[in-house]
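K.L.:
Whatever this is, show me its structure:
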Amino acid sequence: MITSTIIFLEFLLLAYSCQAFSPLSPQPHSVVNQVQSFQPLQADINESYEDDEEISDIDSPPADDYIVNVGELEDDDSGVGVEDDGEPPAWAVSQQRIQELRKQYRRHDNDTGSPEYQVAGMTERIAYLTKHLQAHPKDFSTRRGLVALVNKRRRLLNYLSSEDVERYKSLVDSLGVRHRAPGRVEIREEKYSRFPKQKAVKKHLLKKK
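P.N.:
Next up, the predicted model:
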């Protein structure tokens, strides 16, 4: 009897000890109190957001200041390609001049490769690059292109002079190009005839056979 009573008491102590160390589940009324405590903070945050929106609306410009009609952008092309002084830029004038010269010296309406057509455009291009180099003497890449363009024009004029001398002379005179047509290849006697002849070898220096 005593033994069974002791065992029952130990069982009760073990049960109470397990209940003391077990995690307590939150009560419903405590959860409700916690939710109510956070609600005023959320209300303050919402009020601050509304204040910020009102401030931004005050600082933002009215809608009429930046709205542009479609026709205003399309029609405002009057100042394109015009410098501050009201005159077109030099490169635009040069391109227009090139088109006029090509149209003037072409052989027919569909001509795009004749020597006259090419030389006329190259001459105006060379004049424009020469003025550019006078203003910018250290532009070495443009200087290299100018030299290549002058050499190409010279080869075209050489070809035209060999094909048709009259057309060559009229083109050079009208454009004012300084060019000397290459002459025919001289034979040996003609090439060295302007030099004095070699002196006669003395007899005592001749090798005896």
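
K.L.:
give me the low-pLDDT residue ranges for this protein?
P.N.:
Filtered on pLDDT under 70, the chain yields the residue ranges 1, 16-85, 207-209.

K.L.:
Try it again at 90.
P.N.:
Residues of the chain that meet the criterion pLDDT under 90 lie in 1-90, 112, 178-209.

K.L.:
so where do the helices sit in it?
P.N.:
2-21, 28-59, 70-75, 90-105, 115-135, 140-163, 165-175, 188-192 (DSSP state H).

K.L.:
Relative to residue 176, how far out is the residue nearest to residue 179 when sequence neighbours are not counted?
P.N.:
Using C-beta to C-beta, 6 or more residues apart in numbering and skipping the chain neighbours, the partner closest in space to residue 179 is residue 157 (5.0 Å). Every residue, glycine included, has its C-beta placed from N, CA and C. Remark: distance between residue 157 and residue 176 (C-beta to C-beta, to the nearest Å) = 13 Å.

K.L.:
Could you do residue 131 as well?
P.N.:
Remark: distance between residue 131 and residue 176 (C-beta to C-beta) = 16 Å.

K.L.:
Residue 11 too?
P.N.:
With C-beta to C-beta as the criterion, residue 11 and residue 176 are 127 Å apart.

K.L.:
so who does residue 133 touch?
P.N.:
139, 142, 143, 146 (C-beta atoms under 8 Å, 6 or more residues apart in numbering).

K.L.:
Any of those residues buried? List them.
P.N.:
residue 146 (16 or more other C-beta atoms under 10 Å).

K.L.:
Redo the contacts of residue 133 as TSV? Include distance to residue 111.
P.N.:
Output for the contacts of residue 133, formatted as TSV (distance: C-beta to C-beta, whole Å):
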residue	distance to residue 111
139	33
142	29
143	31
146	25
